[in-house]
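Novice: What follows is a predicted protein model with its sequence.
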Amino acid sequence: MKITIEIDCTPDEARQALGIPDVKPMQDALMTEIEERMRNAMQSMDGETLMKTWMPANIQGLETLHKAFWSQMTSGLGKTPSSD
């Protein structure tokens, strides 16, 4: 025997029926605070500082990663990566 029950309700109605608390006001307050902090941080930093904060420490790290990757990929073939 197979029984199918279909409940048509909004997410808010389902949350209330299951007794789950409404966290939207808390989320809104937190998002407002995060936005304010980000705006303050953006105003106090210049473009170069932002790039240093968001990007890897240096591009050399990416080149090292690239060489290590190709070294591992070609080690089984007995080849070495070409230097450009």
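Specialist: Yep, that arrived. From a predicted model like this one, the values you see are computed outputs, not experimental measurements.

Novice: Confidence-wise, which helix or strand of this structure is lowest on average?
Specialist: Taking mean pLDDT, DSSP states H and E as the measure, helix 47-54 is the helix or strand of the chain with the lowest mean score, a mean of 68.

Novice: Which helix runs longest in the chain?
Specialist: helix 24-44 (DSSP state H).

Novice: What's the first helix or strand after the least confident helix or strand of the chain?
Specialist: As assigned by DSSP states H and E, the chain's next helix or strand after helix 47-54 is helix 59-75.

Novice: Counting by contacts, list what that next one packs against.
Specialist: Helices and strands touching helix 59-75, by 3 or more C-beta pairs under 8 Å, 6 or more residues apart in numbering; DSSP states H and E: there are none. C-beta here means a position set from N, CA and C on the backbone, and glycine is covered the same way.

Novice: Let's verify residue 7: helix, strand, or coil?
Specialist: coil (DSSP: H, G, I helix; E, B strand; the rest coil).

Novice: who's in contact with it?
Specialist: residue 14 (C-beta atoms under 8 Å, 6 or more residues apart in numbering).
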